[in-house]
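> here's a sequence, model it:
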Amino acid sequence: MASTRKPTYRSGTEPRSGASRPGSGSDRVISAQRSIEPEGNSVAAPPPAATGASATGKSAASTASSDNVIVFPEPKRRRQRRLVMWTLSIVAAVVAALIAGAVFSPALAVRTITVDGTTLLTPEDVQKALSGLEGKPLPQVGEQEINELLKPLVQVRSATMEARPPSELLVHVNERVPVALLKQGDSYVMVDVDGVQLGATKDQSAVALPLIDAGAGATNTELFKAIAAVLDTLPADVRAKMSTASAASPDAVELKLVDGKTVVWGNAEDRELKAKALEALLKMPADPKVKVSVYDVSVPRHPFTK
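Numbers count the residues shown, from 1 in each chain. All right, here's what the predicted structure looks like:
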């Protein structure tokens, strides 16, 4: 263990023999002291010089202790995790910038509107209703906005869209399906299953739809709803063979074919099964020996003719 030898000065009243210096006003004794450091400390702490220097001693001690702190390297896994987080943040920022640029870019503005699925309407009718979308960036166009713009066209039930960058908007129109005619004055009005008027014609024969008789002419009655539900269930080719549709009650719907034959339908239950049974009966080859005037599908699992 290293030791230091330091001379110290101290006053004494009793001079030691051989230690006084002649001519001095006061007796001073010079002695040498050895300070032994505790084991484990390789650096000797200097003795306090004075009371006023205590703060300086503490500062020096704290500096020495801070110099002896061992700094361990950052774990590799934590360093990799921080690198991944920084990378993801940069990628997210770049993607957000690209999306923002695409959403507001004039290069993706709508310049062409293509329409399909129209029968009652013309593509030009739909394009005119959607003309307000021209010049708007494709990413900002939504189906809700398209359906709002097409509301004035009652023939349109709904519409979907397909964006074709850089500037084409394709609109798929789902039109309402007319199921019957209603007589209104000198005209015949086409209506769908909900009673929505889809168009009018002066010539009944120009439209292959059955005429609902005057008793069920009002579209808000139970009779009209029962008849319209039946007609809506029929395949288009079968519906085109019907001349009129009537009902004494919602449970007694009857149809008339263009050749004068009658279809006894009954109530609104099992509509799909009844439609398939009627379609099968109408496809049966005619027997000249058996005259058929009635097709009864009121019990669809046991249909018959008479």
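> only C-alpha atoms for contact and neighbour calcs from this point on.
Fine.
> element containing the nearest residue to Asn220 once chain neighbours are set aside?
Counting by CA to CA, 6 or more residues apart in numbering, Asn220 lies nearest to Gly195, which is 7.6 Å off, once chain neighbours are set aside. Remark: Gly195 resides in no helix or strand, with elements defined by DSSP states H and E.
> one more: Val95?
Using DSSP H and E, Val95 falls in helix 76-104.
> what's the next secondary structure element after that helix?
Per DSSP H and E, the first helix or strand lying C-terminal to helix 76-104 is strand 112-116.
> that next one: partners in the sheet, and parallel or antiparallel?
Strand pairing for strand 112-116, using DSSP bridges, gives strand 168-175 (parallel).
> can I get the CA coordinates of the partner strand in PDB?
C-alpha atoms of strand 168-175 as PDB (Å, rounded to 0.1, in the frame of the first residue of the first chain):
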ATOM      1  CA  GLU A 168     -61.300   7.800 -66.500                       C
ATOM      2  CA  LEU A 169     -64.200   7.200 -64.200                       C
ATOM      3  CA  LEU A 170     -66.300   4.100 -65.000                       C
ATOM      4  CA  VAL A 171     -69.900   4.100 -63.500                       C
ATOM      5  CA  HIS A 172     -71.900   0.800 -63.300                       C
ATOM      6  CA  VAL A 173     -75.600   1.700 -63.100                       C
ATOM      7  CA  ASN A 174     -78.100  -0.600 -61.500                       C
ATOM      8  CA  GLU A 175     -81.500   0.400 -62.900                       C
END
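> residues of it that come out buried?
For strand 168-175, burial by neighbour count (16 or more other CA atoms under 10 Å) applies to Glu168, Leu169, Val171, His172, Val173, Asn174, Glu175.
> I'd like the mean pLDDT over the helix holding Val95, please.
The pLDDT scores in helix 76-104 average 75.
> before we move on, back to that, between all of the buried residues of strand 168-175, which two are separated the most?
Using CA to CA, the two most remote members of those are Glu168 and Glu175, lying 21.8 Å apart.
> where does Glu124 sit: helix, strand or coil?
Of the three states, Glu124 takes helix under DSSP: H, G, I helix; E, B strand; the rest coil.
> what's near enough to touch it?
Residues in contact with Glu124 (CA atoms under 8 Å, 6 or more residues apart in numbering): none are found.
> got it, and the one 3 residues further on?
With contacts taken as CA under 8 Å, 6+ apart, Gln127 has the following neighbours: Ile113, Thr114, Val115.
> with Pro210 instead?
Pro210 touches Val179, Ala180, Leu181, Arg239, Ala240, Met242, Ser243, Thr244, Ala245, counting by CA under 8 Å, 6+ apart.
> any stretches of the stretch 51-200 of the chain with poor pLDDT?
Counting by pLDDT under 70, the stretch 51-200 of the chain contains low-confidence residues at 51-72, 97-105.
> hmm, back to that, what about the residue nearest to Asn220, neighbour count?
Gly195: 19 surrounding residues under other CA atoms under 10 Å.
> relative to Asp213, which of the buried residues of strand 168-175 is nearest.
Distances from Asp213 to the buried residues of strand 168-175, taken by CA to CA, are shortest for Glu175, at 25.1 Å.
> what secondary structure does Arg301 sit in?
coil.
> who's in contact with the spatially most central residue of the chain?
Centroid-nearest residue in the chain, with CA atoms, centre = their mean: Gly142, separated by 11.8 Å. For Gly142, the contacting residues are Met161, by CA under 8 Å, 6+ apart.
> please report how far it lies from Glu134.
Relative to Glu134, Gly142 is positioned 13 Å away (CA to CA, to the nearest Å).
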